[in-house]
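*Asks:* for reference, the sequence and a predicted model appear below.
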Amino acid sequence: MHGSGAPSAWVARWSHLVPPGGTVLDVACGAGRHMRWFAGRGHAVTGVDRAPEAVAAASHFGQVLQADIEAGPWPFAGRQFDAVIVIHYLWRARLPDIVAAVAPGGVLLYETFAAGNETVGKPSRPDFLLQPGELLSASAGLRVVGYEDGFLPDPDRFVQRIAAVRVAGASPRHLLGVPSASH
């Protein structure tokens, strides 16, 4: 099932940016691998997916809403979270809602397929592939602390990914790596 197994390396790398005990929204959560990751770190997690089997699997890790966010309304209108996680999902019409769901001081961790992926496998339709800089443009109201756009081997894929925060305060400090136990 989509979304089982270990968390994305991108999420693991940047999850230290989520405020301690903060709320996390996992968009298109699948079986809940990122919900499990954040729940295990003491975060209140919420997921959304349209597949009933995904909702059933992910509900072991937190609150999960079954909703088709492509055909229906955004179910989190007016709500914000300390982290919004999106992995391997793209529906351009929802990008403004996803970014708006990041609370002040919160973080967006987003990774999905990018143009070029059609040369190595699926997805291959342009509807499901980010164009160069598209994730940067969609996150224009946030402060980007990490961004990559390129090819990853094993399995071969082209991705675009971003870690971006909604600044809350005058002098934000965002560690660019996972802090050691001594920090």
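*Replies:* Received the coordinates, thanks.

*Asks:* element containing residue 26, please.
*Replies:* Here residue 26 sits within strand 23-27, counting by DSSP states H and E.

*Asks:* show residues contacting stretch 89-101.
*Replies:* By C-beta atoms under 8 Å, 6 or more residues apart in numbering, the list of residues contacting stretch 89-101 from outside reads 25, 27-28, 69-70, 74, 76-77, 79-81, 84, 86, 108, 110, 112-113, 127-130, 138-139, 141-142. All C-beta atoms are positioned from the backbone trio N, CA, C, and that covers glycine.

*Asks:* buried subset of the residues you listed?
*Replies:* 25, 27-28, 69, 74, 76, 80-81, 84, 86, 108, 110, 112-113, 128-130, 138-139, 142 (16 or more other C-beta atoms under 10 Å).

*Asks:* about what we covered before: out of the contacts of stretch 89-101, which sit inside helices?
*Replies:* Mapping those onto helices (DSSP state H) picks out residue 138.

*Asks:* that older thread, what about the strand holding residue 26, distance to the chain center?
*Replies:* With C-alpha atoms, centre = their mean, to the nearest Å as the basis, strand 23-27 stands 8 Å off its chain's centre.

*Asks:* may I have that strand exported as CSV, CA atoms only?
*Replies:* Extracted as CSV, the C-alpha positions of strand 23-27 are listed here (Å, rounded to 0.1, in the frame of the first residue of the first chain):
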residue,chain,number,x,y,z
THR,A,23,0.4,19.6,15.1
VAL,A,24,1.1,17.9,11.8
LEU,A,25,-1.0,17.5,8.7
ASP,A,26,-0.1,14.7,6.3
VAL,A,27,-1.8,15.4,2.9
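
*Asks:* and that strand, what's its mean pLDDT?
*Replies:* Throughout strand 23-27, pLDDT has a mean value of 98.

*Asks:* counting contacts, what elements does the helix or strand just after it pack onto?
*Replies:* Sequence order places helix 33-39 as the next helix or strand after strand 23-27, per DSSP H and E. Under the contact criterion of 3 or more C-beta pairs under 8 Å, 6 or more residues apart in numbering; DSSP states H and E, helix 33-39 touches helix 9-14, strand 23-27, strand 44-49, strand 81-87.
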